[in-house]
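Visitor: With the input below, show me the fold.
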Amino acid sequence: MFTPKTVVKQSANQVSCTLNDEIAILSLDKSVYFGLEGVGADLWQALETPRSVAELCKLILDSYDVDAQQCEADVLDFLHKMQEAGLLETVD
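Guide: Next up, the predicted model:
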């Protein structure tokens, strides 16, 4: 479960690159490809370095026209999906 203070980063068990306006991610554990663009791509790039959930929400709020409650829900949903896919890890 994520809280605003939870710090997350990209998993070491993935490789990713930018292709035009999309980020392509390959899960090395599951051999599954993911493609991200827009907000998802911005979040993924931000996760190159460990960041708290609160920092990620602020980044999106500063860049997009979205209310804080919806932003937090969407960021948490993204993080859960990335964690389930093995692409994200928490930092102590």
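
Visitor: could you pull out the helices for the chain?
Guide: With DSSP state H as the criterion, the chain has helices at 39-46, 53-63, 68-84.

Visitor: Turn these into CSV, including mean pLDDT and mean neighbour count.
Guide: Quick note: C-beta positions are derived from backbone N, CA and C, even for glycine. Putting the helices of the chain into CSV (pLDDT from 0 to 100; neighbours: other Cβ atoms under 10 Å) gives the following:
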stretch, mean pLDDT, mean neighbour count
helix 39-46, 96, 18
helix 53-63, 97, 17
helix 68-84, 95, 15
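
Visitor: Adding distance to residue 91, write those out as JSON lines.
Guide: As requested, the helices of the chain are exported to JSON lines (distance: least, Cβ to Cβ, whole Å):
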{"stretch": "helix 39-46", "distance to residue 91": "14"}
{"stretch": "helix 53-63", "distance to residue 91": "12"}
{"stretch": "helix 68-84", "distance to residue 91": "13"}
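
Visitor: nearest to residue 15, of the ones you listed?
Guide: Evaluated with Cβ to Cβ, those place helix 39-46 nearest to residue 15, the distance being 12.3 Å.

Visitor: what's the angle between that closest one and helix 53-63?
Guide: With axes from the mean of the first three to the mean of the last three Cα atoms, to 10 degrees applied, the angle from helix 39-46 to helix 53-63 works out at 130 degrees.
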